[in-house]
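*Asks:* Got a predicted model here, sequence first, then my questions.
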Amino acid sequence: MDMTLEPWNAEYLGAPGAPTGWAHGVAGRVADGCRVDCWLAMGSAGICQARFEVFAGPDAMQAASWLAGWLVGRSVDAAEMVTGLWLAEQAGMPDEARVEGLCIEDALRSALTAVVAGEGGSEI
């Protein structure tokens, strides 16, 4: 995988304004210190938009934002290769924040499951 960590971009954070047509996945709990919602919109060439709503620390927000930008234009197969460890390494997450990388992975996998099942993520 070709990866270059760039500064995080708030454009990829938060729920979409109108969630119709987006596949949605969620992982974690706010009470446990990390909850992540992943939103994916599909186009003819793969993922055309990705967003993460992150209820965790700034390291998780940076990693999720970077991942959302990385996902745009990628296939579902490429997105399925993402792991929390890979993300934590690419985002330079400190050891104490790496569990948040797993939460981001789980939210992404949940959204990808919705895409494959045809539950949202339709072409927008």
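*Replies:* Perfect, I can see it now.

*Asks:* going forward, measure contacts and count neighbours with C-alpha atoms only.
*Replies:* Noted.

*Asks:* Any regions of this protein where pLDDT drops low?
*Replies:* Scanning the chain with the threshold set as pLDDT under 70 gives 1-9, 119-124.

*Asks:* in it, which spans are helices?
*Replies:* Using DSSP state H, the helices of the chain run over 58-71, 76-80, 84-91, 98-116.

*Asks:* Could you name the helices and strands sitting against the last one?
*Replies:* If I follow you right, that is helix 98-116. With contacts taken as 3 or more C-alpha pairs under 8 Å, 6 or more residues apart in numbering; DSSP states H and E, helix 98-116 sits against strand 23-29, strand 34-43, helix 58-71, helix 76-80, helix 84-91.

*Asks:* among the helices of the chain, which is nearest Gly33?
*Replies:* For the helices of the chain, the distance to Gly33 is smallest for helix 98-116, at 8.9 Å, taking C-alpha to C-alpha.

*Asks:* Go ahead and name everything in contact with that closest one.
*Replies:* Here helix 98-116 makes contact (C-alpha atoms under 8 Å, 6 or more residues apart in numbering) with 23-28, 34-40, 56, 60, 63-64, 76, 80, 82-85, 87-88, 120-122.

*Asks:* can you pull up the bridge partners for Gly43?
*Replies:* Listed by DSSP bridges, the beta-bridge partners for Gly43 are Gly46.

*Asks:* Give me the neighbour count for it.
*Replies:* By the criterion of other C-alpha atoms under 10 Å, Gly43 has 16 neighbours.

*Asks:* Columns distance to Arg51 on top of the helices and strands packed on helix 98-116, output as CSV?
*Replies:* What follows is the helices and strands packed on helix 98-116, written out as CSV (distance: least, C-alpha to C-alpha, whole Å):
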stretch, distance to Arg51
strand 23-29, 10
strand 34-43, 5
helix 58-71, 6
helix 76-80, 13
helix 84-91, 16
